[in-house]
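[1] Generate coordinates for the sequence data below:
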Amino acid sequence: MKRASHLSLLPITLALLSPVLGCSGSDTESSSDGATGASSSSGGSATTGGGSTTATTGGGSTTATTGGGSTTATTGGGSTTATTGGGSTTTASTGGGTTEKFSFFVTSLAAMRELSGSQDGFGGDLRFGETGPGAGLRGADKICATIAEKSLPGAGSKTWRAFLSAAAGEDGKQVDAIDRIGEGPWYDRLGRLVANNKEELVNERPSGADEAVADDLPNEDGVPNHQPDPSQPAVDNHDTMTGSNAEGRLYGATATCSDWTSAAADRNSRPRLGHSWPRNFGGGGTGGPGGINMAHWMSAHEAPGCTPGVNLVDAGGPAQGATSVGSGGGYGGIYCFALTP
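    Here you go, the predicted structure:
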């Protein structure tokens, strides 16, 4: 019998090594235990165990590690790390930026409808199951935390505060929104700066804000509130409840819908509103009818009442006899701040 030459063994050797060597670019591998891994040359690394699926795309530094039965997906730029154990399913952030800084948003119409259980939203009653003195503020804070958690699992564990003033809090004393929200800095869902501190907040528009969000404050998903559905035209939804003046302090005793506990059609209770985006897109100032400040994010004018209601069509102001928080272009949204990034 002739001895096999080294050259004749070469194809066999390469065949045995090929599963180990892999290929450059994007590969898909299957093994006998059912594990599947997909990796992209656009950056990041992925490690998978039995029964798991991991996908990582985008720039920056990204690492995802999963155990048996888990699924993890991470997309976008920045630095993101996700680790899951057996039987779990985790979806990391989508989009650019570092989402651990997530500490500001405008509550979206979709979220307010979902939590209120009504297509008209909450109106001026934000108790959300809370009772007793200060229930309106506590309920609003809980709304913020609940929406944050839905947008980014884990974010709800932060201490969230609604930017709302009240005539009387739990202790019966006046509450000013600016004193509820910590010292900053605050970032949106995609890691873009909204303001470094309170001094930057107390302006028509937050003076330190990223250019992408300064004139269109984003919702809990980092989407500019003026056009929450990018596939649809922009909507007239600028009015956002604050109960506050231009310094972030209580505007007046009748500007808070009975400290955010009433959705009654009482025209003597008219919640103070800010504009999540400038009503006239950059004209700014107090050029609106009746001295309305069309650009101020925290104090622009009052709603005609506290009843639930949604109006997303520019009608030049509330209709005669209207009593809802959204009559002038909105849905009763609020601003939410986390005490720490």
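[2] CA atoms for contacts and neighbours, from now on please.
    Noted.
[3] How about residue 333, nearest residue that isn't a chain neighbour?
    In this structure, residue 333 finds its nearest non-sequential neighbour in residue 240, 5.0 Å apart by Cα to Cα, 6 or more residues apart in numbering.
[4] And that neighbour, which helix or strand is it part of?
    According to DSSP states H and E, residue 240 maps onto strand 239-241.
[5] Show me what that strand is in contact with.
    Contacts to strand 239-241, defined as Cα atoms under 8 Å, 6 or more residues apart in numbering, come from residues 164, 271-276, 298, 325-326, 328-335.
[6] how many neighbours does residue 132 have?
    9 (other Cα atoms under 10 Å).
[7] hang on, the earlier thing: what number of residues lie near the residue nearest to residue 333?
    Residue 240 has 30 neighbours, counted by other Cα under 10 Å.
[8] Could you do residue 230 as well?
    10.
[9] May I have the predicted confidence score for it?
    Model confidence at residue 230, expressed as pLDDT, equals 89.
[10] State the distance from it to residue 113.
    In this view, residue 230 and residue 113 are 19 Å apart by Cα to Cα, to the nearest Å.
[11] try residue 296
    In this structure, residue 296 and residue 113 are 25 Å apart, going by Cα to Cα.
[12] Of the two, give the one with the bigger neighbour count.
    Residue environment comparison for residue 296 versus residue 113 gives the larger neighbour count to residue 296, 27 against 15, counting by other Cα under 10 Å.
[13] Can you tell me the SS state at the more buried one?
    Per DSSP: H, G, I helix; E, B strand; the rest coil, the secondary structure class of residue 296 is coil.
[14] so it makes contact with residue 205?
    Yes: because the distance of 6.2 Å satisfies Cα atoms under 8 Å, residue 296 is recorded as touching residue 205.
[15] Mind listing the shared neighbours of these two?
    With contacts defined as Cα under 8 Å, 6+ apart, no residue is shared by residue 296 and residue 205.
[16] Residue 301 contacts residue 270, correct?
    No: using Cα under 8 Å, residue 301 makes no contact with residue 270, being 9.5 Å away.
[17] ok so, going back, give the pairing partners of the strand holding residue 240; include direction for each.
    With DSSP bridges as the criterion, the sheet partners recorded for strand 239-241 are strand 272-275 (antiparallel), strand 330-338 (parallel).
[18] for the helix or strand following the shortest one, what is the average pLDDT?
    By that I understand strand 272-275. The first helix or strand that comes after strand 272-275 along the chain, using DSSP H and E, is strand 301-302. Across strand 301-302, pLDDT averages out at 94.
[19] ok, and what's touching strand 301-302?
    Residues outside strand 301-302 that contact it (Cα under 8 Å, 6+ apart): 255, 270-274, 292-293.
[20] For it, enumerate its sheet partners and note whether each is parallel or antiparallel.
    For strand 301-302, pairing defined by DSSP bridges yields strand 272-275 (antiparallel).
[21] List the buried residues for the strand it pairs with?
    Of the residues in strand 272-275, those scored as buried under the neighbour-count criterion (16 or more other Cα atoms under 10 Å) are 272-275.
[22] ok, now stretch 112-125?
    Along stretch 112-125, the positions that meet the burial threshold by neighbour count (16+ other Cα under 10 Å) are 112, 116, 120-125.
[23] What of stretch 219-229?
    Result for stretch 219-229 [16+ other Cα under 10 Å]: buried residues 219-228.
[24] My read is that residue 292 contacts residue 300, right?
    Yes: in this structure, residue 292 sits in contact with residue 300. The criterion is Cα under 8 Å, and the distance is 5.8 Å.
[25] higher neighbour count, the two?
    When residue 292 and residue 300 are compared for neighbours, residue 300 comes out ahead with 28 against 15, by other Cα under 10 Å.
[26] Enumerate every residue touching that one.
    Going by Cα under 8 Å, 6+ apart, residue 300 touches 272-275, 292-294.
[27] mind pulling up the phi and psi values for residue 144?
    Summarising the backbone geometry of residue 144 under the convention degrees, to the nearest 10, its torsions are phi -60, psi -50.
[28] would you list the buried residues of strand 272-275 in a markdown table and tack on pLDDT?
    Shown next, in a markdown table, are those (pLDDT from 0 to 100):
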| residue | pLDDT |
| --- | --- |
| 272 | 97 |
| 273 | 97 |
| 274 | 97 |
| 275 | 97 |
